[in-house]
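# fold the following, please.
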Amino acid sequence: MSTPLRHRQQNALREQISTLGKSLFDRGLTMGSSGNISVRLGDGGW
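Purely as a prediction, here's the structure:
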């Protein structure tokens, strides 16, 4: 996979993680910076 494509995909995942985290916070399911949200990339990276 080309580097620019990989970066775009990783940025899209970051946006999704951010949206999910905000949704959890807005619904009172987490407070502040508690908890973790992660994704495993196809190449085994985080």
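
# what's the average pLDDT for the helix or strand where residue 23 lies?
Using DSSP states H and E, residue 23 maps to helix 3-26. Taken as a whole, helix 3-26 carries a mean pLDDT of 93.

# how far does it sit from the chain's center?
4 Å (C-alpha atoms, centre = their mean, to the nearest Å).

# output it as PDB, nothing but the C-alphas.
Provided in PDB are the C-alpha atoms of helix 3-26 (Å, rounded to 0.1, in the frame of the first residue of the first chain):
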ATOM      1  CA  THR A   3       2.300   5.700   2.000                       C
ATOM      2  CA  PRO A   4      -0.100   8.600   1.100                       C
ATOM      3  CA  LEU A   5      -3.000   6.100   0.900                       C
ATOM      4  CA  ARG A   6      -2.000   4.600   4.300                       C
ATOM      5  CA  HIS A   7      -1.800   8.000   5.800                       C
ATOM      6  CA  ARG A   8      -5.300   8.900   4.500                       C
ATOM      7  CA  GLN A   9      -6.700   5.700   5.900                       C
ATOM      8  CA  GLN A  10      -5.000   6.200   9.300                       C
ATOM      9  CA  ASN A  11      -6.400   9.800   9.400                       C
ATOM     10  CA  ALA A  12      -9.900   8.500   8.700                       C
ATOM     11  CA  LEU A  13      -9.500   6.000  11.500                       C
ATOM     12  CA  ARG A  14      -8.300   8.800  13.900                       C
ATOM     13  CA  GLU A  15     -11.400  10.800  13.000                       C
ATOM     14  CA  GLN A  16     -13.700   7.800  13.700                       C
ATOM     15  CA  ILE A  17     -12.000   7.200  17.000                       C
ATOM     16  CA  SER A  18     -12.400  10.900  17.900                       C
ATOM     17  CA  THR A  19     -16.100  10.800  17.000                       C
ATOM     18  CA  LEU A  20     -16.600   7.700  19.000                       C
ATOM     19  CA  GLY A  21     -14.900   9.100  22.100                       C
ATOM     20  CA  LYS A  22     -16.900  12.300  21.900                       C
ATOM     21  CA  SER A  23     -20.100  10.200  21.600                       C
ATOM     22  CA  LEU A  24     -19.200   8.200  24.700                       C
ATOM     23  CA  PHE A  25     -18.400  11.300  26.700                       C
ATOM     24  CA  ASP A  26     -21.600  13.200  25.500                       C
END
